[in-house]
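Enquirer: Only the shape, not the letters, is given here:
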Ligand SMILES: O=c1ccn([C@H]2C[C@H](O)[C@@H](COP(=O)(O)OP(=O)(O)OP(=O)(O)O)O2)c(=O)[nH]1
């Protein structure tokens with residue numbers, strides 16, 4: 001389905017992309033997208049890689065900030081907008097970043113990856129500013145793709161010192177960026193593609209029916225889960241539209257013209273572009289709605305940690321756990337399993353850091369369930385457990401999300417660091433020893449399948465897994481609510497100090513539920529920094 005769509009996208013985007021972006025890599029995008037989408041035909045709609053990386057970059061812009069930024073916030077509001085970035089090399093994700101308090105996302109990538117950025121592809125949630133662009137061109141990246149909204153050096157956000165001076169600076173930055181672009185080797189432009197017709201519907205269905213919502217539905221049988229999902233989605237849509245879309249058409253046209261995308265200003269390209277942007281934002285809103293931190297969160301199930309577990313580092317905040325889980329859920333839309341998409345991301349907490357908006361967290365690897373690299377569609381069996389002939393079942397062939405995340409990781413797993421796996425499905429018996437052997441210290445997941453033996457795949461070992469802390473998506477109990485008043489809690493139940501404590505609402509607060517999770521963000525998002533995180537969770 002998306003094959004046609006990818007081809008369609010090429011027709012839709014050719015004039016503007018070729019003309020306005022000087023997109024010498026246009027042919028490459030075409031080949032990539034066709035190759036990516038035709039390789040596996042026959043199952044449900046699937047995200048193209050370009051769209052997946054675009055969505056991940058938007059989502060990274062909203063990475064929860066653990067610490068309050070020290071920098072003069074007015075300065076940031078006035079000029080620079082928080083930006084998300086995905087670094088891809090050889091079709092693999094090398095890094096997920098966002099702007100920090102001092103550094104822009106592009107600068108963070110240069111610091112984190114250095115010469116490894118050569119020949120990489122970068123997906124930005126905003127057009128990067130000239131300061132970042134010159135370094136990225138210099139280090140030899142092969143392609144820079146950006147979301148065609150307000151650029152990093154904002155043309156939209158007015159400052160407290162008067163709009164004009166700031167706009168002038170932003171315009172100067174846009175001119176410098178264009179000059180850098182026209183003299184550079186990397187292909188710089190817009191790589192997102194229109195979605196398949198049924199894709200949005202597919203994402204809504206699979207998001208509202210995913211295991212995280214399934215757990216909520218089991219725990220709260222009286223709750224109208226469809227209604228909950230739609231409310232969450234609507235809130236997300238409002239927030240994300242303000243963040244990523246430019247509501248006024250003329251404003252959008254002006255910005256596109258200023259950042260060198262004037263060919264997108266013409267019809268039908270302008271309407272197509274806005275439609276594609278809206279659709280992708282809607283996909284993000286659906287996926288983000290599927291893990292609502294209302295009465296549920298990631299908590300330890302086993303009340304008494306073993307001796308080795310009790311010396312483990314604390315878990316990340318609920319907002320960070322949710323954020324990484326949603327990254328994994330986005331990855332799952334690249335699955336090659338027609339029945340279920342599974343996504344996994346591995347993050348580690350380094351000893352140093354702070355330059356990144358992710359704090360000390362850095363990406364180790366990510367993956368989704370798919371057949372071995374290079375296989376053609378139909379080469380392997382695809383049937384599930386209901387197939388009587390076991391030879392026709394998929395399980396002996398498919399590579400699990402965790403296995404791909406470990407196989408193609410971009411960083412080593414270090415014994416002395418806290419390495420965390422976020423996976424959208426309970427790890428199966430085949431993956432448990434791999435996770436343990438690799439040195440993963442914490443798992444964040446659902447356990448709906450835990451204890452099941454499905455024949456060719458079983459989930460019997462997860463509950464007995466020791467030495468790895470398990471944070472399971474489950475309901476916050478009343479006792480948790482009571483203990484929350486004693487102070488903020490990390491996902492392992494440790495009471496930790498947190499600068500943002502006062503700003504957070506505990507789950508048992510009397511505020512209406514619908515206003516308790518996603519809407520932490522709007523007021524904070526407006527400062528251009530993205531949402532701030534805290535850890536209002538408590539132990540079992
Ligand atoms: O830790 C895991 C476990 C499973 N999978 C993938 C492998 C396979 O692609 C799919 C199997 O899912 P499941 O166990 O739900 O089986 P099913 O084929 O969907 O059948 P059923 O209807 O019996 O659940 O999930 C992973 O990526 N990681």
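Expert: Looks like it came in fine. Because the structure is predicted, anything quoted here is derived from the model rather than measured. Numbers count the residues shown, from 1 in each chain.
Enquirer: what about residue 231, neighbour count?
Expert: Using other CB atoms under 10 Å, residue 231 has 17 other residues around it. Where you see a C-beta, it was placed from the backbone N, CA and C, and this is true even at glycine.
Enquirer: Show me the helices in the stretch 51-200 of the chain, by range?
Expert: 73-78, 105-113, 130-139, 163-182, 199-208 (DSSP state H, counting those that start in this stretch).
Enquirer: right, and these - which one's nearest residue 233?
Expert: With CB to CB as the criterion, residue 233 lies closest to helix 199-208 of these, at 7.6 Å.
Enquirer: Any buried residues in the closest one, and which?
Expert: Of all the residues in helix 199-208, those buried under the rule 16 or more other CB atoms under 10 Å are 199, 200, 202, 203, 204, 206, 207, 208.
Enquirer: contacts for that helix?
Expert: Residues from elsewhere that reach helix 199-208 (CB atoms under 8 Å, 6 or more residues apart in numbering): 1-2, 44-45, 47, 213, 225-226, 229, 233, 279, 282-283, 286-287, 289-290, 329, 333, 341.
Enquirer: ok, back up a step: ok, of the buried residues of helix 199-208, which one's closest to the ligand?
Expert: residue 206 (12.3 Å; CB to the nearest ligand atom).
Enquirer: Report the spatially closest residue to residue 251, excluding sequence-adjacent ones.
Expert: residue 156 (7.1 Å; CB to CB, 6 or more residues apart in numbering).
Enquirer: wait, what's in contact with that neighbour?
Expert: 150, 246, 251, 255.
Enquirer: Might you report the residue contacts of the residue of the stretch 151-300 of the chain found nearest the ligand?
Expert: As assessed by CB to the nearest ligand atom, the ligand sits closest to residue 211 within the stretch 151-300 of the chain, at 9.3 Å. By CB under 8 Å, 6+ apart, the residues touching residue 211 are 424, 425, 446, 448, 449, 473.
Enquirer: want to throw the buried residues of helix 199-208 into CSV with pLDDT and distance to residue 299?
Expert: Listed next are the buried residues of helix 199-208 as CSV, based on pLDDT from 0 to 100; distance: CB to CB, whole Å:
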residue, pLDDT, distance to residue 299
199, 95, 33
200, 94, 32
202, 95, 30
203, 97, 27
204, 97, 27
206, 96, 25
207, 97, 22
208, 97, 23
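Enquirer: From the residues you listed, pick the one nearest residue 63.
Expert: Checking the buried residues of helix 199-208 against residue 63 by CB to CB gives residue 207 as the nearest, at 20.1 Å.
Enquirer: gap between that closest one and residue 213?
Expert: Look at residue 207 and residue 213: by CB to CB, to the nearest Å, they are 7 Å apart.
Enquirer: Pull up the overlap in contacts between those two.
Expert: 229, 290.
Enquirer: remind me which residues of this protein are low pLDDT?
Expert: Applying pLDDT under 70 to the chain flags the ranges 1-44, 66-78, 158-166, 302-313, 354, 477-540.
Enquirer: Residues of it that sit close to the ligand?
Expert: Proximity of the chain to the ligand (CB under 6 Å from any ligand atom) is limited to residues 337, 339-340, 342, 369, 384-385, 398, 400-402, 425, 427-428, 431, 454, 457.
Enquirer: Tell me if I'm right that residue 146 and residue 190 touch.
Expert: Yes - when contacts are counted by CB atoms under 8 Å, residue 146 is listed as touching residue 190 (6.7 Å).
Enquirer: Among the residues of the chain next to the ligand, which lie within helices?
Expert: Assigned to helices by DSSP state H, the following of those qualify: 401, 402.
Enquirer: List only buried entries from the residues of the chain next to the ligand.
Expert: Buried members of the residues of the chain next to the ligand, scored by 16+ other CB under 10 Å, are 337, 342, 369, 384, 398, 400-402, 425, 427-428, 431, 457.
Enquirer: so residue 274 sits in a helix?
Expert: Yes - per DSSP: H, G, I helix; E, B strand; the rest coil, residue 274 lies within a helix segment.
Enquirer: ok, the nearest residue to it once chain neighbours are set aside - contacts?
Expert: Among residues not flanking residue 274 along the chain, residue 252 sits closest, at 7.0 Å (CB to CB, 6+ apart). Residue 252 makes contact with 149, 246, 270, 274 under the criterion CB under 8 Å, 6+ apart.
Enquirer: And the furthest pair within those?
Expert: Pairwise distances across the contacts of residue 252 (CB to CB) peak at 13.4 Å, for the pair 149 and 270.
Enquirer: Among the two, which residue is more densely surrounded?
Expert: Higher neighbour count among residue 149 and residue 270: residue 149, with 22 against 18, using other CB under 10 Å.
Enquirer: I'd assumed residue 278 was in contact with that one.
Expert: No - with contact defined as CB under 8 Å, residue 149 does not reach residue 278; the gap is 11.3 Å.
Enquirer: what do those two both touch?
Expert: residue 245.
Enquirer: Run through the helices of the stretch 351-500 of the chain in chain order.
Expert: Going by DSSP H, counting those that start in this stretch, the stretch 351-500 of the chain shows helices at 401-407, 432-438, 478-484.
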